[in-house]
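Participant: I'll drop the sequence and a predicted model, then ask my questions.
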Amino acid sequence: MGLGIAVGLALAPESGLVTPEIADRTGEWLALPGNLFLAAIKFVVVPLVAASVVRGIAAGEDAATLRRIGFRIVVYFLLTTTVAVTIGAGLAYLIVPGAFVDPDLIQSALAGAGEMADPAPGLDQRTLPETIIGLVPTNPYRTLVEGDMLQIVIASTIIGVAMVAIGPKKAQLFLDLLASIQAACMAIVTWVMRLAPLAVFGLLAQVTSRTGLDAILGIAVYVLTVFLGLVCLLAFYLLIVTTLGRRSPTIFLAHVREVMLLAFSTSSSAAVMPLSLRTAEEKLKIRPAVSRFVVPLGTTINMDGTALYQAIAAIFLAQVFGVDIGATGVLVILVTSIGASIGSPGTPGVGIVILATILASVGIPTAGIALILGVDRILDMSRTAINVAGDLTACVVMERLLGARIAAASTAPASVSNG
């Protein structure tokens, strides 16, 4: 990791060691193992998610168990996301990072407004009923091909509940097939993980070479505010692990360190989900019935780090442009950040698109995004690592609260074998 950053700084424009053209070309070659890693992981993500969710729910054995874990995990995710947004907003008002911005950077941001990309089509034009309808997959083949993770989770959940409803004898053959698919996907993940060290090095080198130090130093207080917020959120997770999960925070960190580093390097919680599942089951000793439901669902709707970042970024830009959003505006930012983080794709760069819709909702110039765009990649990497830690924290909590009940249900005479 440190070597990748050092090489990236050597290739950065301000170093003057190489021309920008050579730096870009070298960065592309350095990132090749990382891009191959991402492509291979994306290859297995969709079948692995579908198989894991269906088998995870079917392992719950009965509707009562499904209701318990489903209701509690959704409430848990909403509570932790609310805490994350509150931490972000509190730090933004306590530190006031907008007061430290050079006026020249503000003018540059306004000048670059014409270069800003428009939000994704339909992202903020759809009404709430249309958004809800859009969550339900109507064409399973299209959903699988496009890799719409939220629809895949919803469809897999429906199929998993149906497997429970039709009974053990009829469901067993299909569950055995899914077990084979899941095992094959995990075997591929094991092979791909051999590229992980090179992937981390290359991706970090490329990102650092493109970002450079100038962009970071120009809005250093904003960057430090986001980093501090993410550290506070991680501390909150460790507190949860200690109090609710009844586990050692240091051991937990040691177990999740590898997957957090990989999430940091790839900026994609969806890409590292196979490793998250393996970490949960092999290192944290989470029952598959819990991990295979919580991790895919958390990857889709549990974006605490992203919600924290969006709250800080929105309030920061309001301070920069002197927009008085008032208490109502703060509430809108909080609620919108929570809502936008739920179901946002676990892919690199999506947070900046969602931020544009949040800014527009409270009258903050979206041109201000140009001000923070230069450092978004490094912040995206950091918040993704925290998002993954949040999913694994949720696994620990649900294992503590429901693991024994699920185990008892699994040993009942009418239980379905887990394949």
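Facilitator: Thanks, I have it.

Participant: Check the average confidence over stretch 19-39, would you?
Facilitator: Averaging pLDDT along stretch 19-39 yields 79.

Participant: Buried ones in that stretch, by neighbour count?
Facilitator: 23, 26-27, 30-31, 33-34, 37-38 (16 or more other Cβ atoms under 10 Å). Backbone N, C-alpha and C define where each C-beta goes, glycine included.

Participant: hang on, residue 246 packs against residue 399?
Facilitator: No. In this structure, residue 246 is not within contact of residue 399 by Cβ atoms under 8 Å, at 10.1 Å.

Participant: The two: which has the busier surroundings?
Facilitator: Counted by other Cβ atoms under 10 Å, residue 246 and residue 399 do not tie: residue 399 has more neighbours, with 22 against 10.

Participant: So the more buried one versus residue 236, what's the distance?
Facilitator: Spatial separation of residue 399 from residue 236 under the definition Cβ to Cβ, to the nearest Å is 19 Å.

Participant: Same check on residue 220?
Facilitator: Computed with Cβ to Cβ, the distance linking residue 220 and residue 236 is 24 Å.

Participant: One more: residue 48?
Facilitator: Residue 48 is 29 Å from residue 236, by Cβ to Cβ.

Participant: More neighbours: which of these two?
Facilitator: Residue environment comparison for residue 48 versus residue 236 gives the larger neighbour count to residue 48, 23 against 17, counting by other Cβ under 10 Å.

Participant: Which secondary structure state is assigned to the residue nearest to that one when sequence neighbours are not counted?
Facilitator: The spatial neighbour of residue 48 that comes closest, neighbours along the chain excluded (Cβ to Cβ, 6 or more residues apart in numbering), is residue 185 at 4.0 Å. Secondary structure for residue 185, judged by DSSP: H, G, I helix; E, B strand; the rest coil, is helix.

Participant: per-residue confidence for residue 185?
Facilitator: The predicted local distance difference test score for residue 185 is 82.

Participant: which residues sit in contact with it?
Facilitator: Residues touching residue 185, when contacts are defined by Cβ atoms under 8 Å, 6 or more residues apart in numbering, comprise 44, 47-48, 51, 274.

Participant: nearest to residue 230, of those?
Facilitator: Ranked by distance to residue 230 (Cβ to Cβ), the contacts of residue 185 are led by residue 274 at 23.7 Å.

Participant: Provide a list of residues in contact with that closest one.
Facilitator: For residue 274, the contact set (Cβ under 8 Å, 6+ apart) comprises 41, 44-45, 48, 185-186, 189.

Participant: if we go to 7 Å?
Facilitator: By Cβ atoms under 7 Å, 6 or more residues apart in numbering, the contact list for residue 274 reads 41, 44, 48, 185-186, 189.

Participant: a markdown table for those residues, including distance to residue 96?
Facilitator: As requested, the contacts of residue 274 are arranged in a markdown table below (distance: Cβ to Cβ, whole Å):
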| residue | distance to residue 96 |
| --- | --- |
| 41 | 40 |
| 44 | 45 |
| 48 | 44 |
| 185 | 47 |
| 186 | 47 |
| 189 | 44 |
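
Participant: nearest to residue 92, of those?
Facilitator: Closest approach between the contacts of residue 274 and residue 92, by Cβ to Cβ: residue 41, at 33.9 Å.

Participant: With residue 203 as the reference, measure out to the closest residue in space to the closest one that isn't next to it in sequence.
Facilitator: For residue 41, ignoring the flanking residues on the chain, the nearest one in space by Cβ to Cβ, 6+ apart is residue 271 at 4.7 Å. Applying Cβ to Cβ, the value for residue 271 to residue 203 is 11 Å.

Participant: do the same with residue 24
Facilitator: As judged by Cβ to Cβ, residue 24 and residue 203 stand 15 Å apart.

Participant: Buried by neighbour count: which residues of stretch 319-333 qualify?
Facilitator: Taking 16+ other Cβ under 10 Å as the neighbour-count basis, stretch 319-333 is seen to contain the buried residues 319-321, 323, 325, 329-330, 332-333.

Participant: and after the helix or strand residue 199 falls within, which helix or strand comes next?
Facilitator: Take DSSP states H and E as the rule and residue 199 turns out to sit in helix 196-218. Elements were assigned by DSSP H and E; along the chain past helix 196-218, the next helix or strand is helix 220-243.

Participant: That next one - contacts with which helices or strands?
Facilitator: Contacts of helix 220-243 with other secondary structure elements, assessed using 3 or more Cβ pairs under 7 Å, 6 or more residues apart in numbering; DSSP states H and E, are made with helix 63-95, helix 249-266, helix 304-320, helix 369-410.

Participant: Columns distance to residue 289 on top of those, output as a markdown table?
Facilitator: Compiled in a markdown table, the helices and strands packed on helix 220-243 are given as follows (distance: least, Cβ to Cβ, whole Å):
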| stretch | distance to residue 289 |
| --- | --- |
| helix 63-95 | 8 |
| helix 249-266 | 20 |
| helix 304-320 | 24 |
| helix 369-410 | 5 |
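
Participant: do you know which of these lies nearest residue 295?
Facilitator: helix 369-410 (5.5 Å).

Participant: Report the mean per-residue pLDDT for that closest one.
Facilitator: Rounded to a whole number, the mean pLDDT of helix 369-410 is 81.

Participant: quick one: that helix to chain centroid distance?
Facilitator: The chain centre lies 7 Å from the centre of helix 369-410; the measure is Cα atoms, centre = their mean, to the nearest Å.

Participant: Then stretch 140-156?
Facilitator: When distances are taken as Cα atoms, centre = their mean, stretch 140-156 is centred 17 Å away from the chain's centroid.

Participant: again with stretch 223-239
Facilitator: Computed by Cα atoms, centre = their mean, the separation of stretch 223-239 from the middle of its chain amounts to 15 Å.

Participant: any low-confidence regions in the stretch 1-150 of the chain?
Facilitator: In the predicted model, the stretch 1-150 of the chain carries pLDDT under 70 at residues 1-2, 4-5, 13-16, 38, 56-57, 59-67, 102-128, 130-132, 135, 147-150.

Participant: Alright, that wraps it up for me.
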